[in-house]
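Q: Sharing a model that was predicted from the sequence below.
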Amino acid sequence: MIMIVPVLAQQDTPAVFETAKGHFKKGIYHFNQMHYLAAVEFFRKAVAKYPDYYTAREYLARSYKLAGFTNEALNEWELLSDMSSDNVMIRTKIDTLRLRAADVAAPDYPFEFVMADKYTSTNLGRYHFKDPVDIAIDTARNLYISSFSSGKIIKLDPNGNGENVINMGLDSNIYGIDCYDDRLAVTDFKSNRVIITRIDGRVLREFGKTGNNEAEFHGPQGVCWENGKYLYAVDSGNNRVQKFNDSGKFILSFGKKGRYEGELDNPTGVAMHNGHVYVTDTGNRRVASFDDSGNFIKNIVNPGFQMPRGISFHGSVMSISDEKKGLFVYDMDSGKSQWMYEWDDDNYFRKLMSSRFDADGFLYCCDTASEEVYIFSPLQSRYTNLEVEVTSIDTNKFPMVAFYINVRNRWGNPVYGLTSDNFVITEDSARIPAVSVEYLKNRPASASMVLCVDRSNADTGYHNEIPWVSEFILKKMKKNDRLKVLNFNDDYWTGNDFDWSRRRALRALREREYGNGKNFGRVLYNAIGDLVPKLSRRGVVVITDGSVSDDSFTTYTDDNVIDFARSHFIPVYFITFRDADPVLKKIADATGGAVYRASQLDGLRSIYDSIRESEEYRYILVYSTFKMKSLKGWWSDTTLNVEYKGQKGVEWGGYFVP
């Protein structure tokens, strides 16, 4: 790898470079304020004055990309590649952008597995997990392991470091475990009950006793949540599954001893997929599926099944942990399947009890006999780079420095749950000893939203409906949320700046200011720009009749809007009074938003929750530099290395000592 540094070609006078450097410093200021288009103008001036100013051209490319002008960024990186043809980082950026432009999908399942990591109980000291039988993963990628013989739950962070031992006062025989948001559901095999706890171990409630009547168990095993509202628990000794609400109230049970359709023999595991309940019918060597009312649908049979136990889903992919055979992966959409017994020649499953995918596609397999958890990744992911992207650098509290960064996988999806163990920062070849990444993680959840209101003449007839559909968001807002109202037709203007007040927002929404034009591109681009610096969860909501005009995307194209939003993972939602134009659907789908007709009440109700409860993907790396203020004006080169489960990424950045 060749480090990128300012290159001073031979010039007639150093004054030329100093002028270019002045433009560059102004560009860096705007870049770090996340005003990327303003930064573009100054970086362009710098390279126009001094074409060999390598660092300025690199930052010009970055600014273009972060501003949503992907093709322009590619052009600049191609020029850099010509200037230094063996620069690996530049070629990687070019290849990554071209891969995404070609819309290459993430790998289909099944896939070839590669072991990315392994957690061994005996290596974890007080966090050891004796006789592990089930695992669960939360949204932060923390792992929870149920220890059958100790009656405890072991919590490991995304890198396998011990974080907590959850002790609920059980002497032994904890079995199934599942996680939803900040709650765990656990089955107590010995005492025939279900326990619901917070992820910190605080018990919320418990229910069940020994028997075969409603809410009674004989050896409960697998357990799973349904959207956090309902709970399914496998009553293995009674050959049935019982359903409860989240308060522990019995709803129904299904299954009985037998071999025929809808009958079970020693069931063990349970999982939800597309509203259906899937149960590992261990004694009958099959998987049985039911609807959420307990009606039998079908059996899934494979001749390789010997003792299927754990079951879980990742999208359309079902994974079955067979205690005697190994891992079975089945794609529900394509019908493709795959067995895995061993890997790396000498490694194999001895007693596989549970397997779970996390949201990033990594597969965790719990082996009871070896007391280990194996983590596998798709082969396609294992040997590709992570993309590390610096979006801003804050030196206002120097010598404290804060790098704002995004980390993405090959397909542009954010990588969540990284800790300080995953990052190495080097300043001018000296490694920074202590880096914190906890700032955003420790912030209270909040939402920042921009509500764009179509004030074109086509929307005049819907004026009285605008406050009504907005109320689905306004009534849910908390005091730490902020919402901005932007109106638009041929231009755009602020109706109400970022505020938490429902009353002031409604007053702005009731204003009658209609006219010609429908400049979607301009209002969307500026709405996204308003949200980029916000540290809360973010989203754009547009209220419109659903039509577009010939000049809707002349200022900024729909691709500019999409690329800008995707660079910062800001979803765009449309609420329409008529059928939406296909270009609006394209923007919503590409940014992770949605289009809802005003009559789709469930959709309107979901918008606020989707924004406020979204996962945080950004990282702020905070550290204390060894540089002194006496070095004011010094350009400090900084390299960021990331490694996570066998994948690696590298990026460089820099700042002027203030």
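A: Cool, the structure landed.
Q: What segments of the stretch 451-600 of the chain are helices?
A: For the stretch 451-600 of the chain, applying DSSP state H, counting those that start in this stretch gives helices covering 465-474, 502-509, 520-531, 558-567, 582-591.
Q: and if you look at the stretch 101-250 of the chain?
A: Using DSSP H, counting those that start in this stretch, helices in the stretch 101-250 of the chain do not occur.
Q: can you list the weak-confidence ranges in the stretch 101-250 of the chain?
A: Scanning the stretch 101-250 of the chain for pLDDT under 70 picks out 102-111.
Q: Okay, domains of this structure per the record?
A: What automatic domain parsing lists as the domains of the chain is 1-104, 113-382, 387-441+637-658, 447-612.
Q: Compute the first-to-last residue distance for the shortest one.
A: What that stands for is domain 387-441+637-658. Start-to-end span of domain 387-441+637-658 (Cα to Cα, to the nearest Å) is 28 Å.
Q: among the helices and strands of this structure, which has the poorest mean pLDDT?
A: Every helix and strand in the chain was compared by mean pLDDT, DSSP states H and E; the lowest is helix 379-382, with a mean of 60.
Q: Lys476: how many residues sit nearby?
A: 15 (other Cβ atoms under 10 Å). No exception for glycine: its C-beta is placed from N, CA and C like everyone else's.
Q: for the one 5 residues further on, same thing?
A: Asp481 is surrounded by 22 other residues when neighbours are defined as other Cβ under 10 Å.
Q: beta partners of the closest residue to it other than its chain neighbours?
A: Closest residue in space to Asp481, ignoring its immediate chain neighbours: Ala447 at 4.6 Å, by Cβ to Cβ, 6 or more residues apart in numbering. Under DSSP bridges, the beta-bridge partners of Ala447 are Arg537.
Q: isn't Ala447 right up against Arg538?
A: Yes - using Cβ atoms under 8 Å, Ala447 is in contact with Arg538, at 7.3 Å.
Q: between the two, what contacts are shared?
A: Both Ala447 and Arg538 are contacted by Ile611, under the criterion Cβ atoms under 8 Å, 6 or more residues apart in numbering.
Q: how close does Thr368 get to Gly326?
A: Taking Cβ to Cβ, to the nearest Å as the measure, Thr368 and Gly326 are separated by 13 Å.
Q: can you list residues touching both of those two?
A: Leu352.
Q: Direction included, what does whichever helix or strand Tyr330 is part of pair up with?
A: Using DSSP states H and E, Tyr330 maps to strand 326-331. Using DSSP bridges, strand 326-331 pairs in its sheet with strand 317-322 (antiparallel), strand 337-340 (antiparallel).
Q: To Phe520, which of these lies closest?
A: Of all those, it is strand 317-322 that lies closest to Phe520, at 37.2 Å by Cβ to Cβ.
Q: about what we covered before: nearest to Gly294, of the helices of the stretch 451-600 of the chain?
A: helix 465-474 (33.4 Å).
Q: who are the neighbours of the closest one, in terms of helices and strands?
A: Counting contacts by 3 or more Cβ pairs under 8 Å, 6 or more residues apart in numbering; DSSP states H and E, helix 465-474 is packed against strand 447-454, helix 502-509, strand 537-544, helix 601-612.
Q: List the buried residues in the longest one.
A: Along helix 601-612, the positions that meet the burial threshold by neighbour count (16 or more other Cβ atoms under 10 Å) are 603-604, 607-608, 610-612.
Q: quick one: it to strand 537-544, angle?
A: 150 degrees (axes from the mean of the first three to the mean of the last three Cα atoms, to 10 degrees).
Q: now helix 601-612: mean pLDDT?
A: Taken as a whole, helix 601-612 has an average pLDDT of 96.
Q: Equivalent analysis for the third one, please.
A: Model confidence over strand 537-544, given as mean pLDDT, is 98.
Q: Mind giving me the packing neighbours of it?
A: Strand 537-544 packs on strand 447-454, helix 465-474, helix 520-531, strand 572-576, helix 601-612, going by 3+ Cβ pairs under 8 Å, 6+ apart.
Q: repeat for the longest one
A: The criterion is 3+ Cβ pairs under 8 Å, 6+ apart, and the helices and strands that helix 601-612 contacts are strand 447-454, helix 465-474, strand 537-544, strand 572-576, strand 594-597.
Q: Going along the chain, name the strands of the stretch 351-500 of the chain.
A: Listed in chain order, the strands of the stretch 351-500 of the chain (DSSP state E, counting those that start in this stretch) span 352-357, 363-367, 372-378, 387-394, 400-408, 423-427, 430-431, 447-454, 482-488, 492-499.
Q: Lys397: neighbour count?
A: Lys397, neighbours per other Cβ under 10 Å, totals 11.
Q: typo on my end, Asn212
A: By other Cβ under 10 Å, the residues close to Asn212 number 13.
Q: How much space separates it from Asn227?
A: 28 Å.
Q: Repeat that for Ala15.
A: 66 Å.
Q: Include mean neighbour count and distance to Asn192 when you put the helices and strands packed on helix 601-612 into TSV, please.
A: Output for the helices and strands packed on helix 601-612, formatted as TSV (neighbours: other Cβ atoms under 10 Å; distance: least, Cβ to Cβ, whole Å):
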stretch	mean neighbour count	distance to Asn192
strand 447-454	25	42
helix 465-474	19	44
strand 537-544	26	41
strand 572-576	26	46
strand 594-597	20	43
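Q: and of the ones you listed, who's closest to Leu486?
A: Across the helices and strands packed on helix 601-612, closest to Leu486 is strand 447-454 (Cβ to Cβ), at 4.9 Å.
Q: what helices or strands is that closest one leaning on?
A: With contacts defined as 3+ Cβ pairs under 8 Å, 6+ apart, strand 447-454 has these neighbours: helix 465-474, strand 482-488, strand 492-499, helix 502-509, helix 520-531, strand 537-544, helix 601-612.
Q: Just the C-alphas of it, formatted as PDB.
A: C-alpha atoms of strand 447-454 as PDB (Å, rounded to 0.1, in the frame of the first residue of the first chain):
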ATOM      1  CA  ALA A 447     -35.000  11.000  15.900                       C
ATOM      2  CA  SER A 448     -34.300  13.900  13.600                       C
ATOM      3  CA  MET A 449     -36.700  14.100  10.600                       C
ATOM      4  CA  VAL A 450     -37.400  16.500   7.800                       C
ATOM      5  CA  LEU A 451     -41.000  16.600   6.600                       C
ATOM      6  CA  CYS A 452     -41.200  17.800   3.000                       C
ATOM      7  CA  VAL A 453     -44.700  19.100   2.000                       C
ATOM      8  CA  ASP A 454     -45.600  19.400  -1.700                       C
END
